[in-house]
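Peer 1: predicted model follows, preceded by the sequence.
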Amino acid sequence: MTCFTFVETFSLKVRKSNLSAFRNSFVHRFKVLPYKETCRNAFSSWRLEYGSQSNFSVPSTSLATEQHIVSSSSSALKEKLVEKGQKYKVKPIKKVLVANRGEIAVRIIRSCREMGIETVAIYSTADRNALHVALADETVCIGEPSSKKSYLDITSVLAAAEITGCLTTGADAVHPGYGFLSENSVFSSSCEEMGVTFIGPSPFAIDKMGDKSTAKETMLNAGVPCVPGSNGILSDAEEAVRIAENIGYPVLLKATAGGGGRGIKLARNSEELRSLYQMCSAEAQAAFGNGKLYLEKFVEAPRHVEIQVFADKYGNAIHLGERDCSIQRRNQKLVEEAPCPVMTEELRAKMGEAAVNAAKAINYCGAGTVEFLLSAAGEFYFMEMNTRIQVEHPITEQITGIDIVQLQLQIAEGRPLPYRQSDINLKGHAIEVRVNCEEPKDNFRPVPGQVSSLFVPGGLGIRWDSHIYPGYTIAPNYDSMIGKLIVWGPTRDQAIRKMKRALNEMNIVGVPSTIPLHRAIFNNEKFIQGKEIYTNFIETEDILSQVVG
Ligand code: ADP
Ligand code: ADP
Ligand code: MG
């Protein structure tokens, strides 16, 4: 017997000549409501309703076959139904422990609430008054302000899961967000061992991609184009110099465990490379607990273009288009937009296919992002894969209409992907700016403090994902990002006008922010034109000198 549990309503068109076979195959066993029995042509349409409480058993030998079903409103489900003997193990999630803080914790709680799923917030003593704590159904204090003693402490996070009952019901899950434990395979496997679903890929997939040097090897084997560089980890500075002489300077030394734009150093010649090597390794050891380095050719003036992928537990994988994140400071994203202004249908298909292949190569499951560098000549190279939700996921949501957190939860429950590639339509243009409490003119120095007052813009097509509120005191212990301002417009031009309007209205009092910097970016002609933006934009356009206020 094969057991199906669906919580979807969809219609099926069945060839009349096959009606009896269709009925015999599964109509009787499912709760099937005749939809339009009087049909003009040779087809009969049916509406099938599967409630969350429905759990029907069908002998796998009597499943419908392709010829019985002509069309279905849910193509992925149709595909699944005709796969003989395919088994979905759906385990509905009732409660989610959010193993994060800040805007992403708030973002996750919001989707859970809309899905009728209970939430548990964890927090450090510095976050007692945090918004995610106020919004969650249950809260647990897990330790001291330092991340190591709270949000990065696996034992404390799992203890919080235990005291809130998450380890015993079999219907609970942990959402790791981004940063912190999101790409930690020890954490994800511990969750699974303790009986709580980890909302993310397998520990194997995390390990394959978490180590950036290993990830490149895996991708080369899967036929995905990569930036030329060392084959794996460097043994010492001399090996780095030998490889650099071969591929040509300038080169980048990169920490294999790096992330968030940190752990990357540029060397223009052998002296620089030799002198940077030890420092880079020591810094990586201190920051990521892993000093191993690899080497990559420095691609001059590239765009950063990344593909959002999604895969289910049954081997289906699709992409939700790209995001252009070329506006960066110190290799970290400041502004992201979707679609990429220089994208063509042909290139999107090629990059999308490469990204989906990357996901399939490691049996990926859930949401992931494959990051590429796109050269001015239109060549693209794999850089890394982030095996988690991305900061800039909202712009993809805006142009696809898909709630990415909700889809992550559905996949984690064991449901098949509800879309095929051809179901994904990109509509309009979305842009996000990262609002950080930093002093842009003082080398982006973080300046935490109290938000004494706050005015947030509104209106059609404007979204503000944030955890700050008037009177909130930003803790100095964590990331300086305090919100993401997101706009959607039918065209790039309209989205830019909307962002300019929103940036003018936005008013954060009490702490400095990157808002004045964003105003300068959105006044820049090259940015508005969009065709010649590269990752060095902030420097080449000398944006900092144009920041007012
Ligand atoms: P995205 O790739 O989603 O755009 P970032 O690279 O800006 O996001 O990283 C998101 C958050 O995760 C930041 O707070 C960053 O500091 C943190 N982060 C990412 N990778 C790592 C890592 N390897 N080690 C520590 N923190 C990381
Ligand atoms: P992180 O893990 O910190 O996100 P990435 O490897 O994704 O690090 O690189 C971050 C940024 O650094 C990229 O978006 C890009 O701007 C720049 N970068 C990385 N590798 C290269 C390269 N080989 N050539 C040029 N720029 C690069
Ligand atoms: Mg990256």
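Peer 2: All right, it came through fine. Ligands and ions are numbered 1, 2, ... in the order given.
Peer 1: for Y314, which non-adjacent residue is spatially closest?
Peer 2: Leaving out its chain neighbours, the residue that sits closest to Y314 by CB to CB, 6 or more residues apart in numbering is P416, at 5.5 Å. The C-beta positions use only the backbone N, C-alpha and C, and glycine is treated the same way.
Peer 1: these two touch, right, the one you found and G315?
Peer 2: No - contact between P416 and G315 fails when scored by CB atoms under 8 Å: they sit 9.7 Å apart.
Peer 1: those two: which is more packed in?
Peer 2: Ranked by neighbour count (other CB atoms under 10 Å), P416 and G315 place P416 first, with 23 against 12.
Peer 1: residue contacts, the residue in the stretch 401-549 of the chain positioned nearest to ligand 2?
Peer 2: Nearest to ligand 2, among the residues of the stretch 401-549 of the chain, is T535, at 3.7 Å (CB to the nearest ligand atom). Contact partners of T535, counting by CB atoms under 8 Å, 6 or more residues apart in numbering, are 301-304, 326, 328, 331.
Peer 1: and what of P446?
Peer 2: For P446, the contacting residues are 436-438, 476, 480, by CB under 8 Å, 6+ apart.
Peer 1: got a list of what the nearest residue to S452 once chain neighbours are set aside touches?
Peer 2: Distance criterion CB to CB, 6+ apart; nearest residue to S452, sequence neighbours excluded, is G510 at 3.7 Å. For G510, the contact set (CB under 8 Å, 6+ apart) comprises 449-453.
Peer 1: try 10 Å this time
Peer 2: Each residue near G510 by CB atoms under 10 Å, 6 or more residues apart in numbering is listed here: 437, 447, 449-454, 468, 470-474.
Peer 1: can you check K149 too?
Peer 2: 124-125, 142-143, 156.
Peer 1: among those, which ones are buried?
Peer 2: Among the contacts of K149, those classed as buried by 16 or more other CB atoms under 10 Å are 124, 142-143, 156.
Peer 1: so which of those is the closest to ligand 1?
Peer 2: S124 (15.2 Å).
Peer 1: cross the contacts of T535 against strands and list the overlap.
Peer 2: The strands, defined by DSSP state E, take in 303-304, 326, 328 from the contacts of T535.
Peer 1: what residue ranges in the stretch 1-150 of the chain are flagged as low confidence?
Peer 2: Where the stretch 1-150 of the chain drops to pLDDT under 70, the residues are 1-87.
Peer 1: spell out which residues of this structure are next to ligand 2.
Peer 2: 227, 252, 258-261, 264, 296-299, 302, 304, 328, 331, 371, 373, 383-384, 535 (CB under 6 Å from any ligand atom).
Peer 1: buried ones only from the residues you listed, please, as a ChimeraX command.
Peer 2: Applying 16+ other CB under 10 Å to the residues of the chain next to ligand 2 leaves a buried subset, and the ChimeraX line that selects it is:
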select :227,252,258,259,264,296,297,298,299,302,304,328,331,371,373,383,384,535
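Peer 1: please flag which of the residues of the chain next to ligand 2 sit within strands.
Peer 2: Taking DSSP E, the ones among the residues of the chain next to ligand 2 that sit in strands are 252, 258-259, 264, 296-297, 304, 328, 371, 373, 383-384.
Peer 1: which pair in those residues spans the largest distance?
Peer 2: Largest separation among these by CB to CB: G259 and K297, giving 20.5 Å.
Peer 1: among the contacts of G510, the buried ones, what's the PyMOL command?
Peer 2: Here is the PyMOL command that selects the buried residues among the contacts of G510 (16+ other CB under 10 Å):
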select buried, resi 437+447+451+454+468+472+474
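Peer 1: got CSV for the contacts of G510, with pLDDT and distance to V174 too?
Peer 2: Shown next, in CSV, are the contacts of G510 (pLDDT from 0 to 100; distance: CB to CB, whole Å):
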residue, pLDDT, distance to V174
C437, 98, 28
V447, 97, 33
G449, 98, 32
Q450, 98, 32
V451, 98, 29
S452, 98, 35
S453, 98, 36
L454, 98, 31
I468, 98, 25
P470, 98, 31
G471, 98, 30
Y472, 98, 26
T473, 98, 28
I474, 98, 26
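Peer 1: so which of the contacts of G510 belong to helices?
Peer 2: Judged by DSSP state H, helices contain none of the contacts of G510.
Peer 1: distance check, the closest residue to N504 other than its chain neighbours against R501.
Peer 2: Spatial nearest neighbour of N504, chain neighbours left out: R519 (7.3 Å); criterion: CB to CB, 6+ apart. R519 sits 11 Å away from R501, going by CB to CB, to the nearest Å.
Peer 1: more crowded one of those two?
Peer 2: Higher neighbour count among R519 and R501: R519, with 19 against 15, using other CB under 10 Å.
Peer 1: quick check: S375 touching V342?
Peer 2: No - S375 is beyond contact range of V342, at 11.1 Å (criterion: CB atoms under 10 Å).
Peer 1: spit out the residues that contact the two alike.
Peer 2: Residues touching both S375 and V342 (CB under 10 Å, 6+ apart): R303.
Peer 1: does V120 lie in a helix or a strand, and which?
Peer 2: strand 118-124 (DSSP states H and E).
Peer 1: which elements pack onto that strand?
Peer 2: Using 3 or more CB pairs under 10 Å, 6 or more residues apart in numbering; DSSP states H and E, the elements in contact with strand 118-124 are strand 95-98, helix 102-115, helix 131-135, strand 138-143, helix 154-163, strand 172-175.
Peer 1: neighbours of G116, how many?
Peer 2: Neighbour count for G116, taken as other CB under 10 Å: 8.
Peer 1: spell out which residues of the chain are next to ligand 1.
Peer 2: 178-179, 257-260, 288, 332-333, 386, 390-392, 479.
Peer 1: mind giving me the domain ranges of the chain?
Peer 2: Domain ranges of the chain: 91-199, 237-297, 303-546, per the TED database.
Peer 1: what sits closest to whichever residue of the stretch 51-200 of the chain sits closest to ligand 2 if chain neighbours are left out?
Peer 2: Using CB to the nearest ligand atom, E183 is the residue of the stretch 51-200 of the chain that sits closest to ligand 2, at 10.0 Å. Nearest-residue entry for E183: G210, 4.9 Å, with adjacent residues in sequence omitted and distances by CB to CB, 6+ apart.
Peer 1: next, the contact list for I533, please.
Peer 2: When contacts are counted by CB under 10 Å, 6+ apart, I533 touches 301, 303-304, 324, 326-327, 335, 337, 340-342, 521, 524, 526-527, 540-541.
Peer 1: ok, now F204?
Peer 2: By CB under 10 Å, 6+ apart, the residues touching F204 are 185, 188-189, 362-364.
Peer 1: buried only: go through those for me.
Peer 2: Buried among the contacts of F204 (16+ other CB under 10 Å): 185, 188-189, 362, 364.
Peer 1: any idea how far ligand 1 is from the spatially closest residue to I163 that is not a sequence neighbour?
Peer 2: Of all residues not flanking I163 in the chain, V140 sits nearest, at 6.5 Å (CB to CB, 6+ apart). Separation of V140 from ligand 1 (CB to the nearest ligand atom, to the nearest Å): 22 Å.
Peer 1: so who does V140 touch?
Peer 2: Contacts for V140 (CB under 10 Å, 6+ apart) come out as 97, 120-123, 133, 156-157, 159-164.
Peer 1: which two from those end up farthest apart in space?
Peer 2: Farthest pair in those (CB to CB) is V133 and E162. Separation: 19.1 Å.
Peer 1: show me what counts as buried in the longest helix along the chain.
Peer 2: The single longest helix within the chain, with elements called by DSSP H, is helix 270-288. Judged by neighbour count using 16+ other CB under 10 Å, the buried positions of helix 270-288 are 270, 272-273, 276-277, 280-281, 283-284, 287-288.
Peer 1: same check, this time on stretch 407-425
Peer 2: Neighbour count says stretch 407-425 has 407-419, 421, 424 buried, by 16+ other CB under 10 Å.
Peer 1: which of the residues you listed fall within helices?
Peer 2: Counting by DSSP H, the buried residues of stretch 407-425 place 407-412 in helices.
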